[in-house]
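# Give me a model of this one.
(2 chains)
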Amino acid sequence: MSFWSLETIDRINDRVGRVVSLLVMGIIGITIWEVTLRYGFNRPTIWVHETSEHLFAISFLLGGAYTLSKGGHVRVDVLYLRLPPKKRAALDVYTSVFFFIFIGLLLYLGIGMAWESVSVLERSQTPWGPYIFHVILMVPVAAFLMLLQGIANLVRDWRRYRGEGR
Amino acid sequence: MSIELITLILFISLFALIFSGIPLAFALGSVSIIFTFIFLGTSSLYLLASRTSGAMFNYIMIAVPLFMFMANVLEKSGLADDLYHAFHIWMGPIRGGLAIGTVLICTAMAAMSGVSAAAVLTMGIIAVPAMIRRGYDKSIVLGSTMAGGALGQLIPPSVLMVVYGGMAGVSVGKMFMGGVFPGLLLSGLFILYIAIRCFFQKELGPALPKEEREKITWGMKFRALRAIILPTLLIISVLGSIFYGIATPTEAAAIGALGSVICGLIYRRLTWDLLRNACLNTLKSTCMVMWIMIGSLLFVSFYFGVGGADFVKETLVGLKVDRWVIILGMQLTIFFLGCLMDPAGIVLLCTPLYIPIIKALGFDPLWFGVLFIVNLEMSYLTPPFGYNLFYMKSIAPEGVTMADIYRSVTPFVLLQGAGLVLCMVFPELILWLPSIMVAK
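Sure, this is the predicted structure:
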């Protein structure tokens, strides 16, 4: 197994998914902290609300490619499953065009958006006013990971279509 | 090009893509992008970027992963085993009692978790084999477990209600309270049905044999009741804090998630592996929902950008039919989509299209939202795409075929339909509890 193989892409996204999946426990932790401070000590925080938004955004953006690699993006497969495996692979190859249009454009626009945000070190317009450029930066990163996974899936579909096994 | 034609081409392309089997999120996303490019031009594509941030900085939707995490942990916490034992002792002596007990446990689990999978998977593993061993009829066993499991989305907390609230701008707390009585109504209808059928056809759900009944002492009965302490505390802390306005739904979800972890600790089932798997499952389901949401926001942004909202509203209002006919039409659409599509996907797709119409017709979006979820209860049981059918098949004991599973749901889907009609005829079923809520 060389470094430049489809498995490398799977491994990267698996690793990223495993790491960002833990963020949900962080959200639970800080939210409990906020509720405790508010009722126990009458001292609500100003940072929990936005920090949980950021953790949430980072986790579902970066987890998108992980979900794709595990086949977790739900599809309507009533007709799809009636096709023989080979035709299914062919259909997957055709419809991947639409996937690449979506992800390609998200990547392109995401880079523009992130560039603007990072170059001014964008902050949010709230009393606390934390940095948000790093969250925006996750849009193109997520799109890039999705693109990699999409390419890996396409190669596999193509091989299945040509009957070359996995 | 006229808006009529755009609408037609847009929806035909969208459904063609959806049915060709590409994931819903990418079907919505790519159709919106291509249409935006053709009809609104390159400059409007920048909307895409700002729409994505609408999904990103969204406090309400954080409740989705938190409730999913809670359900994932509870499912493995061992709490359901104890509950089943208690109901076995208390309800076993009645005809059909174990099936009634299963519905009751599902109702309780629905009040602790916001998904349907948790109850179906745990009861499918614990209760289904136990009931079949005792000579219960397969149809009653499978049907009651799957129908009971679907209650998870109607009885608060509920992930679907969070998604609806997030899309429609309706208070999630009020949606939760609106779901309480419709949920109990359905649960009551299921129990009534099982009780009546098993009373007259005792071979469907035989009572425990005499010698086994005599082994159950009152001491055992009361000790078994300890099993309901933790669930009760959990339900009160989550739903109570929302009802009294102590916590936002997102905060209540975090409290519930912590509670589920504590339950796991008390039952000594909590391991690092369990937590890690709960996190991974949560991530997968959350990403699925959120990427569809991105696609859906893009879709709405294009369609409303070309004037679709006004067009749909004016067409339907101009139809000069009774507004209830339109509501019925919507319910039928939801039902048919429910046979084919993921329930969360249906909420994300239909809510933005339906809400302007509902408001124009003078209906309450809160009432419509709960009605929507009651309707989606059926989508968990209707083939070919019904989650609970798949869950059941994946864990059903040997000898249970897919045909058994399909057959078993019919009476329960009819009961759910009856519940839906009742909620339409008596809106108070939905609207009363939210109206007396302490929270704003």
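# Contact residues of the stretch 151-300 of chain B facing chain A?
B:246-247, B:250-251, B:254-255, B:257-258, B:275-276, B:279-280, B:282-288, B:290-292, B:295 (C-beta under 8 Å from any C-beta of the partner chain). All C-beta spots, glycine's among them, are computed from the backbone N, C-alpha and C.
# confidence score at the residue nearest to B:A108 when sequence neighbours are not counted?
Spatial nearest neighbour of B:A108, chain neighbours left out: B:P231 (5.4 Å); criterion: C-beta to C-beta, 6 or more residues apart in numbering or on different chains. On pLDDT, B:P231 comes in at 90.
# Check B:P356 too.
Note on B:P356: pLDDT of 88.
# which residues does it contact?
B:A309, B:V312, B:K313 (C-beta atoms under 8 Å, 6 or more residues apart in numbering or on different chains).
# From A:N42, how far off is the second one?
Noted for B:V312: a distance of 49 Å to A:N42, by C-beta to C-beta, to the nearest Å.
# Between these two, which has more neighbouring residues?
A count of neighbours by other C-beta atoms under 10 Å in any protein chain shown puts B:V312 above the other of B:V312 and A:N42, at 19 against 7.
# in which helix or strand would I find that one?
helix B:308-318 (DSSP states H and E).
# For the helix or strand just after that helix, give the mean pLDDT please.
The element immediately downstream of helix B:308-318 (helix or strand, assigned by DSSP H and E) is helix B:323-340. Averaged across helix B:323-340, the pLDDT comes to 91.
# can you state the direction angle for helix B:323-340 and helix B:308-318?
130 degrees (axes from the mean of the first three to the mean of the last three C-alpha atoms, to 10 degrees).
# Sort out which residues of the helix or strand following helix B:323-340 are buried, please.
Downstream of helix B:323-340, the next assigned helix or strand under DSSP H and E is helix B:343-360. Neighbour counts using 16 or more other C-beta atoms under 10 Å in any protein chain shown place B:343-358, B:360 of helix B:343-360 among the buried residues.
# next one: phi and psi at the residue in the stretch 301-440 of chain B positioned nearest to chain A?
For the stretch 301-440 of chain B and chain A, the shortest gap (C-beta to the nearest C-beta) falls at B:D342, measuring 4.4 Å. Dihedral pair for B:D342: phi -70, psi 130, per degrees, to the nearest 10.
# contacting residues for it?
B:D342 touches A:V74, B:L24, B:M288, B:F385, B:Y387, counting by C-beta under 8 Å, 6+ apart.
# and those as TSV, adding neighbour count and secondary structure?
Shown next, in TSV, are the contacts of B:D342 (neighbours: other C-beta atoms under 10 Å in any protein chain shown; DSSP: H, G, I helix; E, B strand; the rest coil):
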residue	neighbour count	secondary structure
A:V74	22	coil
B:L24	26	helix
B:M288	24	helix
B:F385	20	coil
B:Y387	21	helix
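# Quick check: of those, which lies closest to A:A114?
Closest to A:A114 out of the contacts of B:D342 is B:M288 (24.2 Å), distances taken as C-beta to C-beta.
# Now for that closest one: which residues touch it?
B:M288 touches A:T67, A:G72, A:H73, A:V74, B:A25, B:D342, B:A344, counting by C-beta under 8 Å, 6+ apart.
# can you rerun that using 6 Å?
With contact set as C-beta atoms under 6 Å, 6 or more residues apart in numbering or on different chains, B:M288 has these partners: A:G72, A:H73, A:V74.
# can you put those residues in CSV and add distance to B:G166?
Output for the contacts of B:M288, formatted as CSV (distance: C-beta to C-beta, whole Å):
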residue, distance to B:G166
A:G72, 20
A:H73, 19
A:V74, 18
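# Output those in JSON lines, with distance to chain B and pLDDT appended to each entry.
Supplementary listing: those in JSON lines, determined by distance: C-beta to the nearest C-beta, whole Å; pLDDT from 0 to 100:
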{"residue": "A:G72", "distance to chain B": "4", "pLDDT": "84"}
{"residue": "A:H73", "distance to chain B": "4", "pLDDT": "86"}
{"residue": "A:V74", "distance to chain B": "4", "pLDDT": "84"}
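# Distance of the closest residue to B:L431 other than its chain neighbours relative to B:S379?
Spatial nearest neighbour of B:L431, chain neighbours left out: B:W367 (5.8 Å); criterion: C-beta to C-beta, 6+ apart. Remark: distance between B:W367 and B:S379 (C-beta to C-beta) = 19 Å.
# So for those two, which residue has more residues nearby?
With neighbours defined as other C-beta under 10 Å, B:W367 and B:S379 compare such that B:S379 has more, 26 against 20.
# Now that one: phi and psi?
phi -60, psi -20.
# got the contacts of B:P356 as TSV, with pLDDT and distance to chain A columns?
As requested, those are exported to TSV (pLDDT from 0 to 100; distance: C-beta to the nearest C-beta, whole Å):
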residue	pLDDT	distance to chain A
B:A309	81	23
B:V312	83	23
B:K313	80	27
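# in the chain, what spans have low per-residue confidence?
Picking chain A for this. A:1-4, A:164-166 (pLDDT under 70).
# wrong chain, I was asking about chain B
Those would be B:439-440, if you go by pLDDT under 70 across chain B.
# Give me the residue at the spatial middle of it.
With distances taken as C-alpha atoms, centre = their mean, B:Q153 lies nearest the centre of chain B, 2.4 Å away.
# what's near enough to touch that residue?
Taking C-beta under 6 Å, 6+ apart, one finds B:S116, B:L160 in contact with B:Q153.
# hmm, 8 Å instead?
B:Q153 makes contact with B:A110, B:G114, B:V115, B:S116, B:V159, B:L160, B:M161, B:P343, B:I373, B:L376, B:E377, B:Y380 under the criterion C-beta under 8 Å, 6+ apart.
# Please tell me how far the last one sits from B:L154.
Right, the one you point to is B:Y380. 10 Å.
# what does the fourth one give?
When distances are taken as C-beta to C-beta, B:S116 and B:L154 turn out to be 9 Å apart.
# what does B:C350 give?
From B:C350 to B:L154 the distance is 17 Å (C-beta to C-beta).
# Could I get the buried residue list for stretch B:177-186?
Quick answer for stretch B:177-186 (16+ other C-beta under 10 Å): B:M177, B:G178, B:G179, B:V180, B:F181, B:P182, B:G183, B:L184, B:L185, B:L186.
# quick check, nearest of the residues you listed to chain A?
For these, the nearest to chain A is B:M177 (20.0 Å; C-beta to the nearest C-beta).
# so after the helix ranked longest in chain A, what's the next helix or strand?
The longest helix of chain A (DSSP state H) is helix A:85-119. Downstream of helix A:85-119, the next assigned helix or strand under DSSP H and E is helix A:133-161.
# quick one, that next one and helix A:85-119 angle?
Going by the same axes, to 10 degrees, helix A:133-161 makes 160 degrees with helix A:85-119.
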